[in-house]
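> dropping a prediction and its sequence here:
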Amino acid sequence: MGTGSLVEAVVSRSSCQGQAAEARGTGEIHARLLIGPIASDPTESVSAVNRALIKGLQTRYCFCGHRSDRYHGLTKQGRLNLVNLWYLAIQLSGWIGRLVRMRPALAHYALNSGWAMEKSLVFLGVARLMGAHTLAHLHAGKFVEFWSGLPTWRKWWALRVLRRLDGLVVLSEGWKRAIVQTLGLPEDRVFVVHNPIDKGFESAALEMPVERASPLVLCLGVMEKAKGIWDILTAADMLRARCKVQFVLAGPEREPDIHRKVKAFIDTHSLQETVCLRGVVWGQDKIELFRQASIFLLPSYFENFPLVVLEAAAAGCALVTTPVGAIPEFFEHGVSALFVEPGKPDQIAEAIQWLVEHPDERVRLGRAAREVFTTRLGRDKIMADMDRVYQAILSRPRV
């Protein structure tokens, strides 16, 4: 772990120095930005967003990535325990080291729920003490509910740090209204920037034909109850005798032993011909899955604005999802997606069966989803929005 962090620090520093030299050669001055977390796991969504921002804005800023890999306790993240305290100590030391060596003008770090909130605010608080502007980036899908259940002392401490931030990025206008109302933060310090997807994936997805012959349902994402994994399996069991359809489940585990339990459900209900269970997929394998799928299913109980929905929209898949988080701000039921209620496998089964039996409607919904992506969620617009946020923060005195 320590060696990995050291390597990442050296790589980040070299990259920064190279960008700074290039900037001097063109007469431009690139502000140094420290951004995190950056993980080696290509399926980690927050890291994927940060990597996309670095790639998209690397000609405008000198980015230094904060490495935060972990190899133990992957199903216990966000909780208060010895494993997480150990990783906090390691990652905080790396963060301070980068602040000392890089002297960034701005520190940009993800904000999540659970005890991960305190971790994020400690990182940003330390950056502020060391002279950097600070920007939090909210990724938690149930932050308002989480905040409402916090004891007074945790709210008191967190608000002291939050109110001293130079900015907070949220993923939609709805999230901005909720955060301003719940936390009482000034509106001019809460910025709306949508999530960018990987440039290579976006290019490949937009070239995929929307017309797909096979009724393949792709369920890609973290494997856990909150993402509706058991509702998906129950719906697949209902559909087995009603229509010819295949489900592909792929993604990392976030609950202990969840992969084995899902495999046991498939075996017990004789769903081997209906459900294909994959592990973690990325890169070309992920692109091929989207190329084959005509339907994308994500029946989450809560979300912020999931990257996989944006990826599915870019790929032109017919979307079946729950109207949670920022999703209903962009997609409309019956127009660019089909919405089902969380925890309702019968509604999932009904929606999937209807799409299987009406291929023209699959194509229509897939085209409409792609239109939403290209007009409102493309990389160029998102990068311009984030650039404006960085410039707004850097151009004014620190809070």
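Yep, it's here.

> could you list the low-pLDDT ranges of the chain?
For the chain, residues meeting the criterion pLDDT under 70 lie at 1-29, 69-81.

> try it again at 80.
1-29, 69-84, 87 (pLDDT under 80).

> could you list the domains of it?
2-196+379-394, 199-376 (automatic domain parsing).

> using TSV, lay out these together with mean neighbour count.
From N, CA and C alone the C-beta is placed, and that goes for glycine too. Formatted as TSV, these follow (neighbours: other C-beta atoms under 10 Å):
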stretch	mean neighbour count
domain 2-196+379-394	17
domain 199-376	19
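
> ok, which stretches of the chain are strands?
If DSSP state E is used as the criterion, the strands of the chain fall at 32-38, 62-67, 106-111, 133-138, 167-170, 190-192, 216-220, 246-250, 275-277, 295-298, 318-321, 338-339.

> of the ones you listed, which is nearest residue 199?
strand 62-67 (15.1 Å; C-beta to C-beta).

> TSV please, covering the strands of the chain and showing distance to residue 331.
Shown next, in TSV, are the strands of the chain (distance: least, C-beta to C-beta, whole Å):
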stretch	distance to residue 331
strand 32-38	28
strand 62-67	31
strand 106-111	24
strand 133-138	20
strand 167-170	18
strand 190-192	17
strand 216-220	17
strand 246-250	21
strand 275-277	25
strand 295-298	11
strand 318-321	6
strand 338-339	8
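
> out of those strands, which is closest to residue 312?
Among those, strand 295-298 sits nearest to residue 312 (C-beta to C-beta), with 3.6 Å.

> then that closest one to PDB, C-alphas only?
Taking C-alpha atoms only, strand 295-298 is exported to PDB below (Å, rounded to 0.1, in the frame of the first residue of the first chain):
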ATOM      1  CA  ILE A 295     -32.300  -3.300 -22.700                       C
ATOM      2  CA  PHE A 296     -30.500  -1.900 -19.600                       C
ATOM      3  CA  LEU A 297     -32.000  -2.500 -16.200                       C
ATOM      4  CA  LEU A 298     -31.100  -0.700 -12.900                       C
END
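
> which strands or helices does it pack on?
Under the contact criterion of 3 or more C-beta pairs under 8 Å, 6 or more residues apart in numbering; DSSP states H and E, strand 295-298 touches strand 216-220, helix 307-314, strand 318-321, helix 345-357.

> re earlier: looking at the strands of the chain, spot the one closest to residue 150.
strand 106-111 (13.9 Å).

> list of residues touching the closest one?
Applying C-beta atoms under 8 Å, 6 or more residues apart in numbering, the contact partners of strand 106-111 are 31-37, 46, 50, 66, 99, 117, 120-121, 123-124, 127-128, 132-140, 143, 166, 168, 390, 393-394.

> equivalent analysis for stretch 359-370, please.
Counting by C-beta under 8 Å, 6+ apart, 206, 210-213, 215, 294-295, 312-319, 331, 335-338, 354-355 sit against stretch 359-370.

> let's see 6 Å
Surrounding stretch 359-370, the residues in contact under the criterion C-beta atoms under 6 Å, 6 or more residues apart in numbering are 210, 211, 294, 313, 316, 317, 318, 319, 335, 336, 355.

> for these, which one is nearest residue 243?
The closest of the contacts of stretch 359-370, once distances to residue 243 are taken by C-beta to C-beta, is residue 355, at 9.7 Å.

> separation between the closest one and residue 212?
11 Å (C-beta to C-beta, to the nearest Å).

> about what we covered before: out of the strands of the chain, nearest to residue 227?
The nearest among these, by C-beta to C-beta, is strand 295-298 at 7.0 Å.

> and that closest one, which strands flank it?
strand 216-220 (parallel), strand 318-321 (parallel) (DSSP bridges).

> save those as JSON lines, and put in distance to residue 107 too.
Output for the strands paired with strand 295-298, formatted as JSON lines (distance: least, C-beta to C-beta, whole Å):
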{"stretch": "strand 216-220", "distance to residue 107": "32"}
{"stretch": "strand 318-321", "distance to residue 107": "34"}
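
> do you know which of the ones you listed lies nearest residue 155?
Across the strands paired with strand 295-298, residue 155 has its closest neighbour in strand 318-321 (31.7 Å, C-beta to C-beta).

> now do that closest one: everything it contacts.
Applying C-beta under 6 Å, 6+ apart, the contact partners of strand 318-321 are 295-298, 312, 327, 337-338, 351, 355, 362, 365-366, 369.

> coming back round to it: of the strands paired with strand 295-298, which is nearest residue 289?
So among the strands paired with strand 295-298, strand 216-220 is nearest, using C-beta to C-beta, at 5.8 Å.

> which residues sit against the closest one?
With C-beta under 6 Å, 6+ apart, strand 216-220 has contacts from 232, 246-251, 289, 292-297, 308.

> same check, this time on stretch 236-254
For stretch 236-254, the surrounding residues in contact (C-beta under 6 Å, 6+ apart) are 43, 75, 215-224, 259, 269, 271, 274-278, 280-281, 349, 353, 356.

> what's the answer for stretch 200-211, then?
For stretch 200-211, contacts defined as C-beta under 6 Å, 6+ apart pick out 287, 291, 314, 315, 316, 363, 366, 367, 379.

> could you rerun that using 8 Å?
Counting by C-beta under 8 Å, 6+ apart, residues outside stretch 200-211 touching it are 286-287, 290-291, 311, 314-316, 363, 366-367, 370, 374, 378-379.

> what does stretch 155-166 give?
Contacts for stretch 155-166 (C-beta under 8 Å, 6+ apart): 106, 117-118, 121, 124-125, 128, 133-136, 147, 150, 168, 183-185, 189, 393, 396, 398-399.

> apply 7 Å and report the result again.
By C-beta atoms under 7 Å, 6 or more residues apart in numbering, the residues outside stretch 155-166 that reach it are 117, 121, 124-125, 128, 133-136, 183, 185, 189, 393, 398-399.

> having no further points to raise, I will conclude here.
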